[in-house]
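*Asks:* Got a predicted structure here, sequence first:
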Amino acid sequence: MGRSLLMVRLLPTSALSLNTLFCLAVLLYVLAWALLVLYSGMLFGTGGGGGGPDDRAARRTRKEAFDSWFEDILEQWIPPWASPSLYQLEDLYVPSAGEEDGHTRHPCRVVILTSGDLRIDIDEPLRANRQLYAAQHGYCYKHLSCIRGSGQRWMNDNNETESESGGRDNEGDRRLCHSPHYWRYIALWKLMRSGTEWILYLDGDAMFTNLNRTVEDVTRNPAYASPSTALLVGTDADCQSPKFPLNNGVMLVRASTFAHMLAYHVLVRKDYHRALNHTDKWGARGLHDQPILIEVLAELRVINPEAIQAACSSGAIVNHTARGEVLHRGRHVTVLPGRLMNSFRRGNTYADMPELVWQPGDWIAHFTGTANKVRRYLLRETCHASHVAGHLAVCPFALSSLLTPDEAASVMETERVALSERQLRRAHSQRSMRIQRAAEQIRSNSDKLPGALDHLRHTIDRYVTRLLECADWSMGEGDEARGEEMLGYLEEVARQVWQNAFQLGTYTLKAAQHTAEQMVNIDQCGVPDGVEATTDLPLSADGSRPDESDASCQVTDAGQIALS
């Protein structure tokens, strides 16, 4: 082997054919894989040896070392602004470690996770709600934020970088601690090797509205998750649009290789958002990380956006929601109807289907895309509705502090106007759809007219040809009486065809005249008094609408064609 390689090395480059180079490349590739397999066997202990506790512990230690080594390599490719070392996970609630099967149970097997430095106006009430939920079920509650140490740079609310001293940095230094919508994936990255099993990520404007439902109710439901399931996510309230199949404001993520690599791919592909923004793919012009996540999942073919859109457009999602059924279940990803995981609770500005938005008893309410006062109003109304439904503890804060009476009255008026405008838009949309259908029907009928006339002409041609054949046969048989009878019959058919053609011409002219008159009215965007707009045209000679039987092509008992 070594001698052969040496001979190849000594040959001049020109003497090596393309086939030889290809074979060498394949040989080196196989050799590299063989070395990797051999190394893996040594690392994980798969090459033999005992199976005792010490061996298993040693293999586990070697695997953890390999995972750490692999993660360190991947981190070299993560953009500088997303380096996990720039961020910290703050413990907002950590339960005491308990006992399980004689061993100390990890206190953070399930983590409720939020991220970001921008705190919304209802941040404190929602934090209290999440902390209450975490304490009730023994989960950890963590929040990821940027470490603002000495000389550290971050993005302020004006999208400008500032140093800790307060001075602005140069444009070229805007690279650290920005793009907070992507921080959720940095948090997932940091939690992957922490001993956590499941991470429930929530946007900062989401809260629990059913404290009785647990994370395990979802993750241990065999209809939703299997041992290989790494991500559970809900549909968007506007999922009938091809732009919004999913909403990542609430996600359940299992600490797994798939989730680890998913977080990595979203982070390294952030700049790809510009390409998506060009065509507004997945709603990229108004969203940040969500289009990237959907693009990655779609490219991996672990979701089917078209099937999700079809289920939403057809209304099937309503039945799926009522029965608690999944929309998509793959090896790694499960897509649930939004209300099972992520119920939208937003104002009347949005034309969401009532069956797809938050209702009392839903697990999580998401106050997405709303102004501050409207969000506070919706939070107060959500608390009231939850209390009425028997969920008394979901709002551990004073509702009176959310809105003043004047603010509440202002929001109610705004919502009333928004609802009225939405109803008008819906009515306009329905009228537009009816107009489109009527226009399509007109075009369809107009397109069919030449075909109908063609069919009539061919039918008459065949009929006359057959009559001529019969007349020739009669004459050939010497049956003068029969021939004379056939000749009279042909003359009568000719008269009928001429009469029908004359009537058809009148019929067509009347239709054209009526259409022209209507076009004048349409050009003026109006309908004259006393004129009923219908899809039927007055095609009879006197201008009145004929009965359906009058406009049909009939064959009389005597075999005559009568278009009357």
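*Replies:* Good, I have the coordinates.
*Asks:* can you list the weak-confidence ranges in the stretch 351-500 of the chain?
*Replies:* For the stretch 351-500 of the chain, the stretches flagged by pLDDT under 70 are 351, 415, 418-423, 425-427, 429-430, 433, 467, 471, 473-479.
*Asks:* For it, which segments count as strands?
*Replies:* Secondary structure of the stretch 351-500 of the chain, counting by DSSP state E, counting those that start in this stretch: strands at 364-366.
*Asks:* cool, and the stretch 101-250 of the chain?
*Replies:* Here the stretch 101-250 of the chain has its strands, by DSSP E, counting those that start in this stretch, at 103-104, 110-115, 140-146, 153-155, 161-163, 198-202, 206-208, 231-235, 246-254.
*Asks:* So what's the residue count around residue 267?
*Replies:* Neighbours of residue 267 under the rule other CB atoms under 10 Å: 25. To be clear about C-beta, it is placed using only N, CA and C from the backbone, and glycine gets the same treatment.
*Asks:* secondary structure element for it?
*Replies:* Taking DSSP states H and E as the criterion, residue 267 maps to helix 257-268.
*Asks:* Need the CA coordinates for that helix. PDB is fine.
*Replies:* The C-alpha atoms that make up helix 257-268 are tabulated as PDB, following Å, rounded to 0.1, in the frame of the first residue of the first chain:
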ATOM      1  CA  THR A 257     -28.900  16.000  18.700                       C
ATOM      2  CA  PHE A 258     -31.700  17.100  16.300                       C
ATOM      3  CA  ALA A 259     -32.600  20.100  18.400                       C
ATOM      4  CA  HIS A 260     -28.900  21.000  18.900                       C
ATOM      5  CA  MET A 261     -28.300  21.000  15.200                       C
ATOM      6  CA  LEU A 262     -31.600  22.900  14.500                       C
ATOM      7  CA  ALA A 263     -30.500  25.700  16.800                       C
ATOM      8  CA  TYR A 264     -27.100  25.800  15.200                       C
ATOM      9  CA  HIS A 265     -28.600  26.000  11.700                       C
ATOM     10  CA  VAL A 266     -30.900  28.800  12.500                       C
ATOM     11  CA  LEU A 267     -28.100  30.800  14.100                       C
ATOM     12  CA  VAL A 268     -25.600  30.400  11.200                       C
END
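*Asks:* Specify the angle between that helix and strand 231-235 in degrees.
*Replies:* 60 degrees (axes from the mean of the first three to the mean of the last three CA atoms, to 10 degrees).
*Asks:* And helix 257-268, what's buried?
*Replies:* 258, 259, 260, 262, 263, 264, 265, 266, 267 (16 or more other CB atoms under 10 Å).
*Asks:* now the third one: how far from residue 188?
*Replies:* Between residue 260 and residue 188 the distance, using CB to CB, to the nearest Å, works out to 8 Å.
*Asks:* coming back round to it: what's the most buried one of the strands of the stretch 101-250 of the chain?
*Replies:* Most buried of these, by mean neighbour count (mean count of other CB atoms under 10 Å): strand 231-235, with a mean of 27.
*Asks:* With distance to residue 293 and mean pLDDT as added columns, please give the strands of the stretch 101-250 of the chain in JSON lines.
*Replies:* Below are the strands of the stretch 101-250 of the chain laid out as JSON lines (distance: least, CB to CB, whole Å; pLDDT from 0 to 100):
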{"stretch": "strand 103-104", "distance to residue 293": "35", "mean pLDDT": "56"}
{"stretch": "strand 110-115", "distance to residue 293": "14", "mean pLDDT": "96"}
{"stretch": "strand 140-146", "distance to residue 293": "17", "mean pLDDT": "94"}
{"stretch": "strand 153-155", "distance to residue 293": "21", "mean pLDDT": "50"}
{"stretch": "strand 161-163", "distance to residue 293": "26", "mean pLDDT": "46"}
{"stretch": "strand 198-202", "distance to residue 293": "12", "mean pLDDT": "97"}
{"stretch": "strand 206-208", "distance to residue 293": "17", "mean pLDDT": "96"}
{"stretch": "strand 231-235", "distance to residue 293": "9", "mean pLDDT": "95"}
{"stretch": "strand 246-254", "distance to residue 293": "5", "mean pLDDT": "95"}
